[in-house]
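S.K.: here's my sequence, what's the structure:
(2 chains)
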Amino acid sequence: MAATFPNITPSSRNLTMGDLPSKVYRAMSGATVRRAFGNKKTGYVMKLQFKNLGDDVSVFSGTQRTVKEILDHYCEANGTFDNFNLGLGLTKGMGTETANYFKGNASQSPEVRWRYAKPPEVQSVKAGLSNVSVELIGEINA
Amino acid sequence: MSENQIRICQFIKLETTTKPEKPYYYQNYFIKENKTLGGVPYSFVPFEIEGGVSSLNADNQQVTLRLPASEYAVRLVELGDGNRLSKLVVYTRFINANGAIKTGGFDEYYVGIGASFSDDTIELRFRSALDGVAAGFPARTLTEENVGILPLESTLSLR
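M.R.: Down below sits the predicted model:
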């Protein structure tokens, strides 16, 4: 498992819950039969936006994290290969119970491991300043 | 009213020729759980089974057991003589909404005929344990004396 995601508070966060792995048979009549293939939900998605981060140097005299830290973490996690824990910053602004649910600290927490769904995207907005888009996926490890 | 949601768990018992006294017990529904069936614990392995189970001619139907190409699957094949002549029992059981195994179900028996590797999966191939006897098969021994040179493969056609 790679190190925890850097403690950066996102500018926006979009969460999609996981679902039971299942298939639907839909008859010509419209009647459906659903078959479940497992007893745990998987496929959680967390889309994050980090706006106006300093590329290499913090724009707030060292108090704000940088784009480089996210990219370093992506490299450390071997891209989309390894999983890691969500950092404190990623759940900032959430209610405590919801945050604990997604961080795996609640009794009903999904038994998923988080990893990058795809490489982070960096959009330069001005010299030394960028927006970063990150998409994480929570899946069950076999 | 019939149910329109079904949950099916397949339990398998795999007995290799190299270690028949130590069968593998796996199930594919209860993720990261051990489930007991008939007093035996079955551990979770994400396998899937695919293939025909019967036909009108009672042919020797082929069934494929697909596993992810993980360490235990490679070991299972390599230490199990390439799945040659291993014995597979598939117990199909229905699960209720509370996650309990319903009574009853179906048991099927197969014999291993080999395995194949791909980049992300390992396939163990099996055939049904009892070969079918086609209708009209002559009730006498098939020898080179009465039919000539016999083919080496299993494809025989009676004309």
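
S.K.: and the pLDDT at the residue nearest to residue A:41 when sequence neighbours are not counted?
M.R.: Using C-beta to C-beta, 6 or more residues apart in numbering or on different chains and skipping the chain neighbours, the partner closest in space to residue A:41 is residue A:18 (3.9 Å). The way it works is simple: take the backbone N, C-alpha and C, and place the C-beta from them, glycine included. Residue A:18 is assigned 93 on the pLDDT scale.

S.K.: what of residue A:104?
M.R.: 81.

S.K.: pretty sure it contacts residue A:85?
M.R.: Yes: using C-beta atoms under 8 Å, residue A:104 is in contact with residue A:85, at 7.5 Å.

S.K.: so for stretch B:36-45, mean pLDDT?
M.R.: Here the average pLDDT along stretch B:36-45 is 95.

S.K.: run through the chain and note the low-pLDDT ranges.
M.R.: I went with chain A, as the question did not name one. Residue ranges of chain A with pLDDT under 70: A:58-64.

S.K.: that's the wrong chain, I meant chain B
M.R.: B:1-3, B:53-59, B:129-142, B:151, B:153-159.

S.K.: how about a cut-off of 50?
M.R.: Low-confidence segments of chain B, defined by pLDDT under 50: B:1.

S.K.: tell me which parts of it are close to chain A?
M.R.: Residues of chain B lying close to chain A (C-beta under 8 Å from any C-beta of the partner chain) are B:4-8, B:28-33, B:44-46, B:68, B:70, B:95, B:99.

S.K.: now, of those, which are buried?
M.R.: Among the residues of chain B next to chain A, those buried by neighbour count (16 or more other C-beta atoms under 10 Å in any protein chain shown) are B:7, B:28-31, B:44-45, B:95.

S.K.: give me the neighbour count for the residue nearest to residue A:41.
M.R.: 17 (other C-beta atoms under 10 Å in any protein chain shown).

S.K.: surely it meets residue A:137?
M.R.: No: here residue A:18 does not reach residue A:137: they are 9.3 Å apart, not a contact under C-beta under 8 Å.

S.K.: name the residues contacting each of those two.
M.R.: A:43-44 (C-beta atoms under 8 Å, 6 or more residues apart in numbering or on different chains).

S.K.: ends of stretch B:24-32, what's the gap?
M.R.: 16 Å (C-alpha to C-alpha, to the nearest Å).

S.K.: sorry, wrong one. I was asking about stretch B:27-42.
M.R.: Across stretch B:27-42, first to last residue, C-alpha to C-alpha, it's 6 Å.

S.K.: ok now that stretch, how far from the chain's centre?
M.R.: 18 Å (C-alpha atoms, centre = their mean, to the nearest Å).

S.K.: I'd like the next helix or strand past the lengthiest helix in chain A.
M.R.: Longest helix of chain A, by residue count under DSSP state H: helix A:67-76. Moving toward the C-terminus from helix A:67-76, the next helix or strand (DSSP states H and E) is helix A:96-103.

S.K.: mind listing what's buried along that following helix?
M.R.: Quick answer for helix A:96-103 (16+ other C-beta under 10 Å): A:99-103.

S.K.: what's the answer for stretch A:105-112, then?
M.R.: A:110, A:112.

S.K.: is any residue of it near chain B?
M.R.: Yes: Stretch A:105-112 comes into contact with chain B (C-beta under 8 Å from any C-beta), by way of residue A:111.

S.K.: pull the contacting residues for residue B:45.
M.R.: A:142, B:26-28, B:67, B:72.

S.K.: mind doing that once more with 7 Å?
M.R.: By C-beta atoms under 7 Å, 6 or more residues apart in numbering or on different chains, the contact list for residue B:45 reads B:26, B:28, B:67.

S.K.: do residue A:17 as well
M.R.: So residue A:17 contacts residue A:44 (C-beta under 7 Å, 6+ apart).

S.K.: hey, where'd the strands end up in the chain?
M.R.: Let's take chain A. Assigned by DSSP state E, chain A shows strands spanning A:12-16, A:22-26, A:32-36, A:44-54, A:113-116, A:121-126, A:129-139.

S.K.: that's the wrong chain, I meant chain B
M.R.: B:5-15, B:24-27, B:35-37, B:40-44, B:48-51, B:62-68, B:84-94, B:106-117, B:121-128.

S.K.: buried residues of the second one, list them for me.
M.R.: Looking back up the chat, that one is strand B:24-27. B:24-27.

S.K.: now render the residues you listed as CSV, adding distance to residue A:91.
M.R.: Listed next are those as CSV, based on distance: C-beta to C-beta, whole Å:
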residue, distance to residue A:91
B:24, 40
B:25, 39
B:26, 36
B:27, 34
